[in-house]
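Engineer: Next comes the sequence, and after it the predicted model I'd like to discuss.
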Amino acid sequence: MFDNLSDKLDKALHVLKGHGSITEVNVAETLKEVRRALLDADVNFKIAKEFTTRVKEKALGQDVLTTLQPGQLMVKLVKDELTELMGGDVAGINLGGSPSVILMSGLQGSGKTTFSGKLANFLKSKKTKKPLLVACDIYRPAAINQLHVVGDQVGVEVYSEPENKNPVSIAQNAIEYAKKNGHNVVIIDTAGRLAVDEEMMAEIAEVHKAIQPQETLFVVDAMTGQDAVNTAKAFNDRLNFDGVVLTKLDGDTRGGAAISIKSVVNKPIKFIGTGEKMDAIDVFYPSRMADRILG
Ligand code: GDP
């Protein structure tokens, strides 16, 4: 991912590397390219503009007698700003509560079920965690089966009630079951739709309100560009979620959504999905992602 953006930024920054000092003219030239590269990568227009304005102010405020070469200085400024834009530090998840309840939200196909399995596997590997996966999709029996398959793959128990058509009661029963059976983490996979709709939002909002999870994660396909940002906004308005999971970063995505989502909903990206396998999960490191963008 990001090859496109990375190449372009690289090219833009090379323009500056040939110059002995930072001037308003060469900073403006370089940042024009940076902004174009961000826009091409699907970063929202306003965010790209604000980004380059901030970098410009910082660049022009620098003492030209700095030990860094101007080109290197610009790379550093762009990288630092990009890191900041994506959240700065690593954001952990809240595993307080007994059990800790993690609610997954997102559209159908975003990778919720896959990620639920990955997260269970990830937490299980920390020896103190005994997760329980919960199937709360009451519409698609296939979704329940899929979670069972995923649970089997990672060796984590799956709680489901195929006959129960009330997701709130399934979630509540699952939490009771977890308490009785020594599970200290409950991961609840919910029903998604192909697009945001009121019924889905009302349902997940009701589950959210009833179980008061320690952590509500919004799962989104990184390949969906600006749509990802709009979906994030719709879910955040309703759930005020705690963090974002960006899936399918192994695909051919330019990934600008990562930058825009954080800026628009002001919630940290916490994990990324980098493949279909159960170990294709990574904590999101803003600085690593910035490195990757800059190449
Ligand atoms: P859900 O409807 O939100 O539960 O989505 P699923 O978990 O069923 O995922 C939808 C499709 O995306 C499946 O084919 C998954 O294998 C695939 N998928 C999920 N996460 C990733 C990822 O990080 N990378 C890739 N390449 N595929 C993924």
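Structural biologist: That came in fine, so what should we check first?

Engineer: So residue 122: helix, strand or coil?
Structural biologist: At residue 122 the chain is in helix, as set by DSSP: H, G, I helix; E, B strand; the rest coil.

Engineer: Buried ones in stretch 51-64, by neighbour count?
Structural biologist: 51, 52, 55, 56, 58, 59, 62 (16 or more other C-beta atoms under 10 Å). For every residue, glycine as well, the C-beta is placed using N, CA and C.

Engineer: With respect to residue 161, which of those is nearest?
Structural biologist: residue 51 (47.6 Å; C-beta to C-beta).

Engineer: what's the pLDDT at that closest one?
Structural biologist: pLDDT for residue 51: 91.

Engineer: got the contact list for the residue of the stretch 151-295 of the chain found nearest the ligand?
Structural biologist: In the stretch 151-295 of the chain, no residue comes nearer to the ligand than residue 273, which is 2.8 Å away by C-beta to the nearest ligand atom. When contacts are counted by C-beta atoms under 8 Å, 6 or more residues apart in numbering, residue 273 touches 111, 114, 115, 118, 245, 246, 247, 248, 249, 250, 280, 281.

Engineer: Counting neighbours, what do you get for the first one?
Structural biologist: For residue 111, the number of neighbouring residues by other C-beta atoms under 10 Å comes to 22.

Engineer: any idea how far it is from residue 91?
Structural biologist: Distance of residue 111 to residue 91, computed by C-beta to C-beta, to the nearest Å: 19 Å.

Engineer: One more: the third one?
Structural biologist: Here the criterion is C-beta to C-beta. By it, residue 115 lies 16 Å from residue 91.

Engineer: of these two, who's got more company?
Structural biologist: Just comparing residue 115 and residue 91: by other C-beta under 10 Å the higher neighbour count belongs to residue 115, 27 against 17.

Engineer: My read is that that one contacts residue 282, right?
Structural biologist: No - look at residue 115 against residue 282 with C-beta atoms under 8 Å: they stay out of range, at 11.6 Å.

Engineer: Tell me which stretches of the chain form strands.
Structural biologist: Counting by DSSP state E, the chain has strands at residues 100-105, 131-136, 158-159, 185-190, 215-221, 243-247, 269-273, 281-283.

Engineer: In TSV, list these along with mean pLDDT and distance to residue 202.
Structural biologist: Shown next, in TSV, are the strands of the chain (pLDDT from 0 to 100; distance: least, C-beta to C-beta, whole Å):
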stretch	mean pLDDT	distance to residue 202
strand 100-105	98	13
strand 131-136	97	14
strand 158-159	98	23
strand 185-190	97	12
strand 215-221	96	16
strand 243-247	95	22
strand 269-273	95	25
strand 281-283	95	30
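
Engineer: Could you export those strands as a markdown table, including distance to residue 227?
Structural biologist: Putting the strands of the chain into a markdown table (distance: least, C-beta to C-beta, whole Å) gives the following:
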| stretch | distance to residue 227 |
| --- | --- |
| strand 100-105 | 16 |
| strand 131-136 | 24 |
| strand 158-159 | 30 |
| strand 185-190 | 20 |
| strand 215-221 | 9 |
| strand 243-247 | 13 |
| strand 269-273 | 17 |
| strand 281-283 | 23 |
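
Engineer: hang on, the earlier thing: considering only the contacts of residue 273, which also neighbour the ligand?
Structural biologist: 111, 114, 247, 248, 250, 280 (C-beta under 6 Å from any ligand atom).
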